[in-house]
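# output the structure for:
(2 chains)
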Amino acid sequence: MKKILSVVLALVLTLSLTTFVACQPQADVSIGILQVAEHSALDDAREGFKSVVQAWADENGKSIFFDEKNANGDPNNEETLAQSLAHSGHDLLLGIATSSAQKLYGNTEDVPVLYTAVTNPTVDLGGLGTIQGVSDMNPVAQQIQLVKTIVETLHPEKETIKLAFVYNSSEGNSQKQVQLAKAECERLGGFETVDVTATDSNTIATALSGSEMVGADCIYVPTDNLMAANMNIIYAHATPNQIPVVCGEAGMCEDGEGLVTFGIDYYKLGQQVGEMAVQILSGETVENLNQFYEKECEFFINEQNALALGMTLAQIEEIQDAFSGE
Amino acid sequence: MEHFLNASVGGIALGLIWGVLAIGVYLTYRILDFADLTVDSSLATGGVVSAVLIFNGLNPILALLISCVAGALAGLVTALLNTKLKIPAILSGILTMSALYSINLKIMDNRANVSFFGKPTINGYWADLFNMSVIGDKNVLTIITCVLVCGAVVGVLYWFFGTEYGCAVRATGFNSTMAKAQGINTDLTKIVCLMISNGLAALAGGLLAQHNQSGDVNMGTGTIVIGLASVILAETLIKDSFPFWLKLALVVVGSVVYRLIFTIAVQLGMHTNDLKLIATIIIIVALVVPKVKKHFSSKKLKGGLKNVKN
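Alright, predicted model coming up:
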């Protein structure tokens, strides 16, 4: 009996910690947000989402409450948080990144759920019926178009472009992107493609000095975790050989290694989901949502590297205008 | 209040799933006296094996059993590293744990996540039987599944540890030198116990994957902390005189209590960034309460003696 009493006491003590925390405020609209972990790209997406929904609420004179839960990378707490959000009487739920979206969809039937920052929604959220949101799949086709523009600018005389895909062959995400990229090369015509793959940082340099790389006009690096962390190795090989490097996302160019990208802006990605949320809050049903959103992408060129490759400022501006306008 | 109850039912469902794991941890940590960290990954192995098999259309019960076998094999590796290659217990657990991460990715064909929404899970049987919704009544269905699974696990383990061989396993943990002197092959008993324990962790992983309807390479993160916390909470309830089956059942209760505290804290509006702190406080309180009580009861005894003297 005493033991049970002490356990109860322990429970009460722990719970008393939580009592000073404010309970959910009363608001006209409440939105639950589940995010898998602290991560700058995901945080950007969340803030973008909130900015649009908040603007809508201000315009319509409604008070809004964002119930933000972060699983801190712990998948077990993530499920508990998903259950809690699903049963908190929210008007709308947002899952940021694949696992959070999955857990929200798996726990709710009657509350609309949106997703963002999910790369492959048809596969990872498949079989769920109606799913809505904005994927963060790379705009691979446009990036290949970028490759073409860059090489044509640098070597107008070339008839076929030899393009090297540098990626980690054990990352499924990269395989998928390369597969899409090759399809796009096929469609555009005039490409010769080679795979230069490595599975750890020690083998990247070896792979780059292999026979496949001879005569390559351009290197394309998808959003590959291994390569993103080792852009300096690729850069060290590409610079002396005057090979431009087109990357999957801006982070890989900003640090001075890659040349150019046309990739996703996560803040804008969040804003697009925010617009979908506004449609739902204005009375649209999930099924009728306008889902044909063009992903907002961002053009980024490392000017220093571009000049080193022999591009003129006028050429850089021309490319920039062509892509920023899209 | 209704939201609160619904969320609590979810907490109980998860707590019961983790209860299967907690029994596994209890076996190694308390019975065998072996701090096994393999469970962090063998739980994920169970989850991803179930996910891949169900995704490919295998029967969910069969998938659970195969998960269990996969986890047992992981336990076997740790046990062999420890007993045959003489690698210290903690290190052999860590080695298997990190190697399994790559293997788990391989099982899922180098993807980090496999989902099988819409495919039949073990919960589907009860949904058909009681005419419930697989998503809306998910937590109730999981509770039915897990009560059955926990019941079966406790029953089988109660029987096993009552057999002559089960007693040998317990003796190994209690005093391995003495057990050896009695002619017990302590290497083999360690292997058996670690295989059972990791088999249970993988079973929990399989149940978790079926509950979430997806398997994830990171689903085992923090498993050992949850397992140990559940065991420690349970031990504030357990008395030495309790029969073995009751001890195992109370370990499951400890796991449910642990998960419920999280659920309630979140429902009360606790900030999610503070949850890990809460977890630590719970464990410390559970560890300290028995000591404080002992302290007070021994004081009473001293006082009694003084009275006698006077």
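
# B:Asn82: what secondary structure?
At B:Asn82 the chain is in helix, as set by DSSP: H, G, I helix; E, B strand; the rest coil.

# ok, now how distant is it from B:Gly71?
Here the criterion is CB to CB, to the nearest Å. By it, B:Asn82 lies 17 Å from B:Gly71. Bear in mind the C-beta positions are built from the backbone N, C-alpha and C, glycine included.

# ok, A:Ile301 next?
From A:Ile301 to B:Gly71 the distance is 50 Å (CB to CB).

# neighbour count for the two, which is higher?
Just comparing A:Ile301 and B:Gly71: by other CB atoms under 10 Å in any protein chain shown the higher neighbour count belongs to B:Gly71, 34 against 22.

# name the nearest residue to that one, sequence neighbours excluded.
On the basis of CB to CB, 6 or more residues apart in numbering or on different chains, the spatially nearest residue to B:Gly71 that is not a chain neighbour turns out to be B:Ala202, at 2.3 Å.

# what about the residue lying closest to B:Gln210 once chain neighbours are set aside, neighbour count?
Distances taken as CB to CB, 6+ apart place B:Thr121 nearest to B:Gln210, at 4.2 Å, with adjacent residues excluded. Neighbour count for B:Thr121, taken as other CB under 10 Å: 27.

# how far away is B:Thr121 from B:Thr145?
Remark: distance between B:Thr121 and B:Thr145 (CB to CB) = 9 Å.

# any shared contact partners between these two?
Contact criterion CB atoms under 8 Å, 6 or more residues apart in numbering or on different chains; residues shared by B:Thr121 and B:Thr145: B:Gln210.

# what's the domain layout of chain A?
Domain ranges of chain A: A:26-137+A:268-288, A:140-248, per automatic domain parsing.

# quick one, which of the ones you listed gets closest to chain B.
In terms of CB to the nearest CB, the element of these nearest to chain B is domain A:26-137+A:268-288, at 3.1 Å.

# start to end distance for the closest one?
End-to-end distance for domain A:26-137+A:268-288: 29 Å, by CA to CA, to the nearest Å.

# part of a strand, is B:Asp33?
No: under three-state DSSP, B:Asp33 sits outside any strand and is assigned coil.

# quick check on it: phi, psi?
phi 60, psi 50 (degrees, to the nearest 10).

# pLDDT weak spots in chain A?
Applying pLDDT under 70 to chain A flags residues A:1-25, A:127-129, A:172, A:255-256, A:290-295, A:325-326.

# run through the helices of it in chain order.
Here chain A has its helices, by DSSP state H, at A:2-19, A:40-59, A:75-86, A:98-107, A:121-124, A:140-154, A:172-188, A:201-208, A:225-229, A:231-238, A:251-254, A:266-281, A:303-308, A:313-324.

# so what touches the third one?
Contacting residues not belonging to helix A:75-86 are listed as A:32, A:34, A:36, A:67, A:69, A:71, A:93, A:99-100, A:103-104, A:106-108, A:111, B:7, B:10-11, B:14, B:18, B:139, B:211-212, B:216, B:218-219, B:221-223, B:226, B:259, B:262-263, B:266-267, B:272, B:275 [CB under 8 Å, 6+ apart].
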